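Visitor: Turn this into a model:
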Amino acid sequence: ETTQLDLTSLLLLAEELQLLPSSTENTSPKSGNNSEEEEEEEEKEEEPDTDHSEHSEQSHRSEHSEHSGEHSGEHSEAHPTATEQSTSPTDAAIASPDKLDNDTPALNTDSTHRPHAKEHTATRLPPEVLALTNLRTLTLDHNELGSLPAEVGDFPELTMLRATNNHLEALPDSLQKLTKLTVLDVTYNRLLSLHPMLFASCSALEGVKLSCNFLSSIPPSIGSLNLLTVLSLSTNRIESLPAEIGQLKALRRLDITNNLIEDLPTEFGALTRLEELYAAHNRFLRCPRVLGSLERLTKLDLRSNRFRELPPELGNLSQLRTLDLSSNRFEEVPEVVCGLGALVDVNLNHNHIRRLGNSLRSLGELTYMRLGSNRIGELPSSVGHMTGLMELDLSENRLRAVGLEDVG
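Guide: Numbering: from 1, shown residues only. Predicted structure coming up:
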């Protein structure tokens, strides 16, 4: 007992002299874990609740996906829509509308395309920003903005306004005051309509991107944009284009992919400077003859419609280099295609083609020919004369043999 008492006394003395950790410190590992758990709980309490925004965002994207599905569902006999070559310019921002050589990926309507609500996102425009009246560029992409304040029209020097991937349901009327605005990009929002006179005063606009919204029409005031070179209207609910679109004399690239358009106005033929037209996934029953007036076209995307034939007027497209007719209802290669001598890339995947004509040999510049997922049983000898071909896709057809004489 004396030995035990002396040992206890020594331990207490050592604690007082700080030679050993105190009895409370001996329990620090346990208390430390409690502290870490408490900190984690505090962090969880500080994190914003993203369930609501995640649900609404997925709902918004799913509506677009369902809308797109309405078009592609018509092709039950074909494989999924081919998009490997005819890419639309609607997913990249218009940094400089006159730089038209930078193709952009096809549309992405997946719900994960934009991030969900985070601590750094904004739900309204800070008043400090509204005080910056000398702004030239205002970028508000990937926030949680439900609206733009009317004061946004008080930036008299603004030339570029970007507010993509937000929750905008309308644009303020005050945008009409931005007379120096050259680029307007509000892709991936929830716009239902546009003010009838939105474009009447913004005559300096060169690039307008309204893709991935819920627009059912475009106001006739669009015809006031004499300097417009790029117009993106893809993935909306547009049923027709206004006749005034023919007044866009400077337009070089137009994207109307993923809409409900059944025909084009006669005035469309006045777009004589148009170089690229993307009109996939619409409700055309017949290919509009007015396309034959667009003699400067170099790219034409007509995939995923209901075409069985092409009008002879398309033979006027002597500068056309890329033509996508995939996922339609052609039973043979349209004769007018064989007369487009400048063609470099032709996509006829996912049609009902059974035979190839000998006229294909006239396509001397053709480098890429895609005929996959058709019903072709044999190749004509004319294919062997297409010595410029670098890529030939005949996958998923009914070929039983491919002779060397057929492919050169």
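Visitor: any idea how far L194 is from the nearest residue to S203 once chain neighbours are set aside?
Guide: The spatially closest residue to S203, leaving aside those adjacent along the chain, is S224, at 5.9 Å (CB to CB, 6 or more residues apart in numbering). C-beta: built from backbone N, CA, C; applies to glycine. Here the criterion is CB to CB, to the nearest Å. By it, S224 lies 13 Å from L194.
Visitor: With L285 instead?
Guide: Going from L285 to L194 by CB to CB gives 28 Å.
Visitor: L399 now?
Guide: Counting by CB to CB - L399 and L194 are separated by 51 Å.
Visitor: out of the two, which sits in the busier spot?
Guide: Taking other CB atoms under 10 Å, L399 and L194 do not tie; L194 has more neighbours (20 against 13).
Visitor: Need the pLDDT of L130.
Guide: Note for L130: predicted pLDDT of 81.
Visitor: For it, grab the count of nearby residues.
Guide: The number of residues packed around L130, counting by other CB under 10 Å, is 14.
Visitor: same question, R283
Guide: 15.
Visitor: Need the nearest residue in space to it, chain neighbours excluded.
Guide: Nearest one to R283, counting by CB to CB, 6+ apart, is E262 at 4.8 Å.
Visitor: quick one: contacts for the residue lying closest to H385 once chain neighbours are set aside?
Guide: Using CB to CB, 6+ apart and skipping residues adjacent in sequence, the residue nearest H385 is R361, 4.3 Å away. Applying CB atoms under 8 Å, 6 or more residues apart in numbering to R361 gives the contacts 382, 385-386.
Visitor: Kindly reformat the residues you listed as JSON lines containing distance to S395 and secondary structure.
Guide: As requested, the contacts of R361 are exported to JSON lines (distance: CB to CB, whole Å; DSSP: H, G, I helix; E, B strand; the rest coil):
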{"residue": "S382", "distance to S395": "20", "secondary structure": "helix"}
{"residue": "H385", "distance to S395": "22", "secondary structure": "helix"}
{"residue": "M386", "distance to S395": "18", "secondary structure": "coil"}
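Visitor: Let's have these in TSV, adding pLDDT and neighbour count.
Guide: Converted to TSV, those look like this (pLDDT from 0 to 100; neighbours: other CB atoms under 10 Å):
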residue	pLDDT	neighbour count
S382	82	17
H385	85	16
M386	89	18
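Visitor: wait, which of the residues you listed is closest to A270?
Guide: M386 (35.9 Å; CB to CB).
Visitor: one step back: now do the phi/psi pair for the residue nearest to H385.
Guide: Main-chain torsions, R361, degrees, to the nearest 10: phi -60, psi -20.
Visitor: separation between it and S382?
Guide: As judged by CB to CB, R361 and S382 stand 4 Å apart.
Visitor: one step back: surely the residue nearest to S203 meets F199?
Guide: Yes. With contact defined as CB atoms under 8 Å, S224 counts as touching F199 (5.2 Å).
Visitor: Tell me the first helix or strand C-terminal of the helix or strand of the chain with the lowest mean pLDDT.
Guide: Lowest on mean pLDDT, DSSP states H and E among the helices and strands of the chain sits helix 51-72, with a mean of 44. Per DSSP states H and E, helix 51-72 leads on to helix 127-130 as the next helix or strand towards the C-terminus.
Visitor: what helices or strands is that next one leaning on?
Guide: With contacts taken as 3 or more CB pairs under 8 Å, 6 or more residues apart in numbering; DSSP states H and E, helix 127-130 sits against no other helix or strand.
Visitor: still on that earlier bit, what score does the residue nearest to S203 have for pLDDT?
Guide: In this prediction, S224 carries a pLDDT score of 96.
Visitor: can you count the residues close to it?
Guide: Neighbours of S224 (other CB under 10 Å): 19.
Visitor: What separation do you get for it and E267?
Guide: Distance, S224 to E267, by CB to CB: 15 Å.
Visitor: go on, A342?
Guide: With distances taken as CB to CB, A342 is found 26 Å from E267.
Visitor: quick one: the strands in the stretch 151-300 of the chain?
Guide: Remark: strands assigned in the stretch 151-300 of the chain by DSSP state E, counting those that start in this stretch are 160-162, 183-185, 207-209, 230-232, 253-255, 276-278, 299-301.
Visitor: start to end distance for stretch 371-383?
Guide: 12 Å (CA to CA, to the nearest Å).
Visitor: Does L138 fall in a helix, a strand, or a coil region?
Guide: Going by DSSP: H, G, I helix; E, B strand; the rest coil, the secondary structure assigned to L138 is strand.
Visitor: residues contacting it?
Guide: By CB under 8 Å, 6+ apart, L138 lies in contact with 129, 152, 155, 158, 160-162.
Visitor: Now with 7 Å, please.
Guide: Contacts for L138 were tallied using CB atoms under 7 Å, 6 or more residues apart in numbering; they are 155, 158, 161.
Visitor: okay, now the second one: neighbour count?
Guide: Same thing as L158. L158: 24 surrounding residues under other CB under 10 Å.
Visitor: could the strands of the stretch 151-300 of the chain go into CSV alongside mean pLDDT, mean neighbour count and distance to G315?
Guide: Conversion of the strands of the stretch 151-300 of the chain to CSV gives the following (pLDDT from 0 to 100; neighbours: other CB atoms under 10 Å; distance: least, CB to CB, whole Å):
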stretch, mean pLDDT, mean neighbour count, distance to G315
strand 160-162, 97, 20, 40
strand 183-185, 98, 22, 36
strand 207-209, 98, 25, 32
strand 230-232, 98, 25, 26
strand 253-255, 98, 24, 21
strand 276-278, 98, 23, 16
strand 299-301, 98, 23, 13
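Visitor: What residues sit buried inside stretch 282-296?
Guide: By neighbour count on 16 or more other CB atoms under 10 Å, the buried set for stretch 282-296 is 282, 284, 287-288, 290-294.
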